[in-house]
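> Make a model of this:
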Amino acid sequence: MARPGIPEETCKRILIAAGAALLLVFALSPFFWMLWVSLTSRPDFLFTKTVEYTLANYTNVLTSPTLHFTDYFRNSLIVASVTAVAVTLIASVAGYAVSRMRFPGRVAIPLFVLAMSMFPPISIVGYLYQWFSSLGLVNTHAALIFPYSALTVSLALWINMSYFAQIPVDLDRAALVDGASRMAVLFKIVFPLALPGIFSAFLLVFIACFNEFLFALMLTIDPFAQTLPVGIALFEGLHGEVPWGNLMAASAMATLPLVALTLIFQKYIVQGLMGGAVKG
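Down below sits the predicted model:
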């Protein structure tokens, strides 16, 4: 008598678990390899008999006056934070107006903003350089904050609009009937209820600005204005060779804060992204 095969449900669970494990290994392998190389004294440690682990790469990156890692990190933090705060405030007010107020052209506004953000950055960075050069803004934080704000405002606007759409409009009407102003309704009623969506927009804009490379490369010149992605990419030019240990250590220190930020606040990010997916 033939033995019964594996139940369909069990087979499905095995395949899902195997696929998830393979995907996890594929996604995390480069990150763990980066950490491994950063903790070794030689990048070719696989071809040596013994592996020496050390924190010298991290110490060198943090203390070397020629690498300017702390300057790069400070610049990235300033640019990303200022841009995220400005974009979140603008997108929140605009998202409230577009999603909850009736006025001519309100549907065209988010579509226009989205269309403007679809231009490839490489196609406009040359014009931006010429424009900022004439204004004396090249090699300043403002040269990055303005284009970053324009590129990320559509993301924050659509996230906030989808989240505001879940909040009943009757709350606004009741508050207006009681004598509250539009600004009072916005800041005292709608914003507290939409805080997960607003916060997720802030985090996503911050991460996008922190990781941006092209504009930071073209619009900044020295370590006192350049951000981390550009600074790490220039490590090779500073030394005339590829300092793999320093590169991996700097990359790890630049990545870990973003990973920690995402893991800690992933609930808010998911809530914000899925806010408009289910209505009711």
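> What residues of stretch 138-149 count as buried?
Within stretch 138-149, the residues that count as buried by 16 or more other Cβ atoms under 10 Å are 138-139, 141-149. Backbone N, C-alpha and C define where each C-beta goes, glycine included.
> Do me a favour and average the pLDDT over that stretch.
For stretch 138-149, mean pLDDT rounds to 93.
> Give me the contacts around it.
The contact list for stretch 138-149 (Cβ atoms under 8 Å, 6 or more residues apart in numbering) reads 75, 78-80, 82-83, 86-87, 90, 121, 128-129, 132, 137, 208-209, 212, 215-216, 219-222, 225, 227.
> let's see it at 7 Å
Applying Cβ atoms under 7 Å, 6 or more residues apart in numbering, the contact partners of stretch 138-149 are 75, 78-79, 82-83, 86-87, 128-129, 132, 137, 209, 212, 215-216, 219-222, 225.
> quick one on the thing from earlier: list the ones among the buried residues of stretch 138-149 that fall in helices.
Assignment to helices by DSSP state H places the following of those there: 142-149.
> And the residues you listed, which is closest to Ala233?
For these, the closest approach to Ala233 (Cβ to Cβ) belongs to Leu144, at 15.6 Å.
> So Pro121 is in contact with Leu214, correct?
Yes. Taking contacts as Cβ atoms under 7 Å, Pro121 lies within contact range of Leu214: 5.3 Å.
> Farthest-apart pair in the ones in helices among the buried residues of stretch 138-149, please.
In these, two members sit farther apart than any others by Cβ to Cβ. They are Ala143 and Ser149, at 11.8 Å.
> Which strand or helix spans the residue nearest the centre of the chain?
The chain has Ile207 as the residue nearest its centroid, 1.9 Å off, counting by Cα atoms, centre = their mean. Following DSSP states H and E, one finds Ile207 within helix 195-211.
> what's that helix packed up against?
Other elements packing on helix 195-211 under the criterion 3 or more Cβ pairs under 7 Å, 6 or more residues apart in numbering; DSSP states H and E are helix 69-100, helix 142-164, helix 244-264, helix 266-273.
> quick one: which of the ones you listed is nearest Leu203?
Leu203 sits nearest to helix 266-273 of all the helices and strands packed on helix 195-211, at 5.8 Å, using Cβ to Cβ.
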